Structures are given as C-alpha cells and as structure tokens.
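Participant: Got a sequence here, can you model it:
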Amino acid sequence: MFRALDKYCRHKIGFISFDDLNLPQWLKAVGLLRNLAHAFALPTLLARHPTADAIFVREFLTLPLLLASPLLLHFRRRALFVLIHNVQMAHLRSRDRLALRFLFRLGFRFVALETDAGIRELGVDFHNDQLLVLPLCWPATAEIQSRPRNSAKVIIGIVGRLRPEKNVLQLLAILATLRQTMRPNIDIMVGCDSPEILRQAGALGLKCVDTTTDDTYHAALDSIDILVVNYDRSRYFYRTSGVIANAGFRGVVVVCPDYPAFRTQVSTPVPVGATFRSFNDIELAINQAAALIPDIVSASSAFQSHRDPEKLAPRLDAWLDEFHRNV
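Facilitator: Predicted coordinates for the structure are as follows:
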C-alpha cells in the first residue's frame, strides 16, 4: 500500500521492510540476533532513499528499535514506522510499552492503521505530527465480486492461514452447532492450509478446501457470502486483519470480534460486517451480517473508495506539509 501511495503523492515516498535485509543463514536462525541485526541495519536501509520526503518502515520490533535509536535520530523527520503488532505487544508487555513511549518522547514518528485507539489507550503523549492514521488501503483498484449473492442461501466461511491465535477449532465447533440450530439454508466452508484443521472440519461434516496456494485462497474467499473470524484478544485486540480487508474489498460480509481495529475495519465508512463480544452473540452477528448481503456490492464500493491510495494521497501530503511547516 505504501508503494502505491508514492504513485499519487506530491511528496516522494520510500518504503523498507524486514525483507530488504539480506542476512546470512546462521544469523537468521537466532531470533534475538536477527532482530537486533535488522534494527541496527535500518540506517543503511533508510539511506537508500536520500530524496524521499517520507520513508515507511514496516515489520520492526519496538525494543530493538529503541536500542538502535541513537543511530536513527538523523532520520526521525523522514522515517514513519508502521505499527502492526507493536501496539498490541505494548499492551501485553511492560518493556514494549516503555520502549514505545520512549520512542515517542525521542521524537520518532509512527503510522497507525485504521485507528489510533490502541495508542491513546496506552496513555502515550505525542504531538499530532508524530502519528498518522491511515486505513488499510488496497494497493490497486479492486473489482467488486460480481457473483450474485443470495441472502436466502448463505455460505459462511472460515478462510485463511489459521495459526493457533486465530482460535479456529473453537469456531468450527460453534458453527457446526449453529448449522443445526439456525435456519437450514446455511452452508459452512473451511478453507485453510492446515491438514489437521481440514480433517477436523471434515469430521464435523463441514465442506473443506485446501488453500495452500494464493489462487485457492482467493477462490475460497470469493466463494463465500460471510467470513467469520475469531482471533485471539491478546494478539489482535489492537491490530488490523488482512483477511478482513480482503473480504471487504471482495464484497464478502464479515463477522468478527468487537475489537477496536476490527470494528473500524467493518464499519468505516459504511458497514460491511457485524461484530460479536462473546460466542453467545455469534448467531445474532451472523444474522446481522446476512441482512447486509443485499446491499454489499454498494457497501464494498464505498469500502474500496475510502481505502483507495489515490484518495488517501492528499491526506498524506497535507500531513507532511503540516509537519514541514512546524519544523
């Protein structure tokens, strides 16, 4: 998304990530050394963009960044560190919380995706030019899913790379039970890359699709009407979901936990999903989501438009202009 912004911004935009750093295999195998190497290599990576007005930095760890901060003070005006898991970890661990607060105090600048709720709830003091809030945008124009959707016959799906923190096994059992108690015009499909999860889903009588490849993942997502996610609160309460974004852009309605970032994703600028606070609310949320299906094409269009990099570029330009005026 940040490379796409460069296409439309008046300012010159750079982008770096963990993948830009070529580390020897022995160093990659040692997590602590790998993370420190990445942080201390950031000055070299940032220097590759000498003419950029803003350089987005993705996939950084907060504590290693603080340790390397003396080497990065020169880049504070241009580097924008994208907060993904960092805010969540700051709420979980005191060392990450203190490191993030100290980085703000040192004058470093950050980008929050969809909402700044997690930062504000930490009680971090910062200037307006230190935190930019952007929606999780689509890097290219997305076509709205043209497959006719019928709210009278709903396909509910669990789709994605289902790591343990996504709590999929609990969700499988709940949806299998709901299939028996809710209206009979519901089908449930599980698409993932885990043979064990697919086996357990099959044992519950659910339709299974192996989504190991990107093509099969996208096809599975396109084939459903409602996506249900149940990500762990301790890992996702303050972070966005790429699968939710993918669903919203495709015209797939979303049912997800009522977490701040998720809530913003499925309600801004118009509802493309419903949230639940406990398993007792999932049936209600699914019914609310089903009610959105008849209008989801227009809602998805608004969802895309709000996250179009061409339309976000003026916001970024204005924020950068304001910063340079105040320096």
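Participant: CA atoms for contacts and neighbours, from now on please.
Facilitator: Noted.
Participant: What about residue 325, how many residues nearby?
Facilitator: 7 (other Cα atoms under 10 Å).
Participant: From residue 128, how far off is it?
Facilitator: To residue 128, residue 325 is 13 Å away according to Cα to Cα, to the nearest Å.
Participant: With residue 161 instead?
Facilitator: 36 Å.
Participant: Please say which of those two ends up with more neighbours.
Facilitator: residue 161 (15 against 11).
Participant: any idea which element the more buried one lies in?
Facilitator: Using DSSP states H and E, residue 161 maps to neither a helix nor a strand.
Participant: Identify the residue spatially nearest to it, adjacent ones excluded.
Facilitator: residue 192 (5.6 Å; Cα to Cα, 6 or more residues apart in numbering).
Participant: who's in contact with that neighbour?
Facilitator: Residue 192 sits next to 158-162, 198, 209-212, 217 when contact means Cα atoms under 8 Å, 6 or more residues apart in numbering.
Participant: phi, psi of it?
Facilitator: Geometry field for residue 192 lists phi and psi as phi -160, psi 180, criterion degrees, to the nearest 10.
Participant: neighbours around residue 72, how many?
Facilitator: 20.
Participant: which one is it nearest to, not counting chain neighbours?
Facilitator: Residue 72's closest residue in space is residue 43 (Cα to Cα, 6+ apart), at 6.1 Å.
Participant: per-residue pLDDT, the one you found?
Facilitator: In this prediction, residue 43 carries a pLDDT score of 92.
Participant: And residue 29, by the same measure?
Facilitator: We have a pLDDT of 60 for residue 29.
Participant: and the end-to-end length of stretch 201-215?
Facilitator: This stretch, stretch 201-215, spans 21 Å end to end (Cα to Cα).
Participant: ugh, wrong one, I meant stretch 5-17
Facilitator: Start-to-end, stretch 5-17 (Cα to Cα) is 16 Å.
Participant: Ok, stretch 253-262 next?
Facilitator: 13 Å.
Participant: any idea how far that stretch is from the chain center?
Facilitator: On the basis of Cα atoms, centre = their mean, to the nearest Å, stretch 253-262 is displaced by 11 Å from the centre of the chain it belongs to.
Participant: Contact partners for the nearest residue to residue 159 once chain neighbours are set aside?
Facilitator: Residue nearest to residue 159 in three dimensions, not counting chain neighbours: residue 191, with 4.6 Å by Cα to Cα, 6+ apart. Residue 191 makes contact with 157-160, 198, 208-211, 217, 220 under the criterion Cα under 8 Å, 6+ apart.
Participant: just for this protein, where's the confidence low?
Facilitator: 21, 23-31, 139-152, 164-166, 183-184, 327 (pLDDT under 70).
Participant: what do you get if the cut-off is 80, keeping everything else the same?
Facilitator: The chain contains residues with pLDDT under 80 at 18-35, 37-38, 138-153, 161-169, 180-185, 324-327.
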